[in-house]
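Engineer: What follows is a protein structure lacking sequence information:
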Ligand code: COA
């Protein structure tokens with residue numbers, strides 16, 4: 001698969017030990033998201049989503065940026081020059097792959113190595129987990145060039161941050177570093193850049209040991225229940241587990257067996273051994 005996605009591509013992919021490292025790959029343009037990049041990213045996500053070689057997808061950036069947000073020339077100015085149809089098409093292409101990420105089959109991790117601005121908050125939120133370099137810089141820079149944070153960026157800010165922090169962040173356009181981004185909950189954790197890849201690989205390996213059907217059900221459940229009453233959530237979760245059973249009816253039974261009968265692991269402390277599970 002990585003053979004079909006050469007490194008010269010606007011989106012670069014390498015697959016190692018079942019981790020797909022997907023990079024925004026326009027370093028000379030600080031990985032700004034152009035319509036061409038957005039289209040390519042959707043194709044790459046398509047190729048990886050059900051590949052047996054891939055268990056976790058990491059989204060990172062080549063060079064000094066994660067992504068400098070939407071491409072002000074190709075995405076804004078040139079799309080606008082094509083009229084409403086051009087604008088709407090560019091929006092569909094970008095929002096489309098971010099939505100795809102939010103509901104992706106496999107676990108996803110944003111590895112924010114550098115600049116992350118504006119529209120970059122869409123894929124940042126789309127990824128299930130996010131780790132940043134302490135040196136990275138995050139900003140809702142839209143106000144600095146005269147627009148509101150669109151493309152979902154405002155929604156991402158209020159979903160992840162406190163109202164006061166979101167308001168300050170969006171109104172001042174001041175960038176914050178990775179440490180502050182972790183404090184403000186835009187990312188799970190910030191570590192020095194030199195340790196970022198190892199930390200992300202470590203987390204990816206934790207996820208690779210989990211039951212993949214349960215992981216997909218869990219990540220969807222976290223996003224869905226955010227918008228539900230307690231009673232609706234309770235009902236959804238019963239049904240979501242029962243639906244998951246239709247894809248994997250053995251996993252939890254094997255987990256119980258390894259704990260209760262074999263005493264080979266403790267669920268409070270780690271995962272059951274997936275390799276001993278019968279194929280569904
Ligand atoms: N859209 C289009 N082009 C962009 C871009 C963007 N969002 N971000 C960077 N670029 C281009 C620059 O125009 C420049 O192109 P050039 O070499 O043809 O002149 C190139 O990328 C390098 O950018 P530069 O500004 O010189 O890099 P830097 O490392 O000094 O600064 C940033 C990096 C990210 C701080 C700066 O590029 C920036 O502020 N970008 C815009 C961020 C933004 O507001 N994004 C929100 C969009 S919703």
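Structural biologist: Received the coordinates, thanks. For clarity, every value in this text was computed on a predicted model and none was experimentally measured.

Engineer: which residue packs closest to the residue positioned nearest the centre of the chain, ignoring adjacent ones?
Structural biologist: Geometric centre of the chain, nearest residue: residue 127, 1.3 Å, by Cα atoms, centre = their mean. Sequence neighbours aside, residue 110 is the residue nearest to residue 127 in space, at 3.8 Å (criterion: Cβ to Cβ, 6 or more residues apart in numbering). From N, CA and C alone the C-beta is placed, and that goes for glycine too.

Engineer: what's the burial count for that neighbour?
Structural biologist: Number of residues near residue 110 (other Cβ atoms under 10 Å) recorded here: 27.

Engineer: What mean pLDDT does the host helix or strand of it get?
Structural biologist: Taking DSSP states H and E as the criterion, residue 110 maps to strand 108-112. Strand 108-112 shows a mean pLDDT of 99 in the predicted model.

Engineer: Could you check how far the helix or strand immediately after it in the chain is from the centre of its chain?
Structural biologist: The C-terminal neighbour of strand 108-112 among helices and strands, as given by DSSP H and E, is strand 115-117. Computed by Cα atoms, centre = their mean, to the nearest Å, the chain-centroid distance of strand 115-117 equals 15 Å.

Engineer: Strand partners (parallel or antiparallel) of strand 115-117?
Structural biologist: Strand pairing for strand 115-117, determined by DSSP bridges: strand 65-67 (parallel), strand 137-139 (parallel).

Engineer: Mean neighbour count, distance to residue 25 and mean pLDDT for the ones you listed - can I get that in TSV?
Structural biologist: As requested, the strands paired with strand 115-117 are exported to TSV (neighbours: other Cβ atoms under 10 Å; distance: least, Cβ to Cβ, whole Å; pLDDT from 0 to 100):
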stretch	mean neighbour count	distance to residue 25	mean pLDDT
strand 65-67	28	10	98
strand 137-139	24	20	98
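
Engineer: picking that back up, so the residue nearest to the centre of the chain sits right up against residue 59, yeah?
Structural biologist: Yes - counting by Cβ atoms under 8 Å, residue 59 is a contact partner of residue 127 at 5.8 Å.

Engineer: Contact partners for residue 189?
Structural biologist: Going by Cβ atoms under 8 Å, 6 or more residues apart in numbering, residue 189 touches 131, 132, 182, 199.

Engineer: can you rerun that using 6 Å?
Structural biologist: 131, 182 (Cβ atoms under 6 Å, 6 or more residues apart in numbering).

Engineer: Quickly list what it is bridged to.
Structural biologist: According to DSSP bridges, the partner residues bridging residue 189 are residue 131.

Engineer: re earlier: who are the packing partners of the strand holding residue 110?
Structural biologist: Judged by 3 or more Cβ pairs under 6 Å, 6 or more residues apart in numbering; DSSP states H and E, the packing partners of strand 108-112 are strand 56-61, strand 129-133.

Engineer: swap the cut-off to 8 Å and go again
Structural biologist: Contacts defined by 3 or more Cβ pairs under 8 Å, 6 or more residues apart in numbering; DSSP states H and E place strand 108-112 against strand 56-61, strand 65-67, helix 121-126, strand 129-133, helix 193-208.
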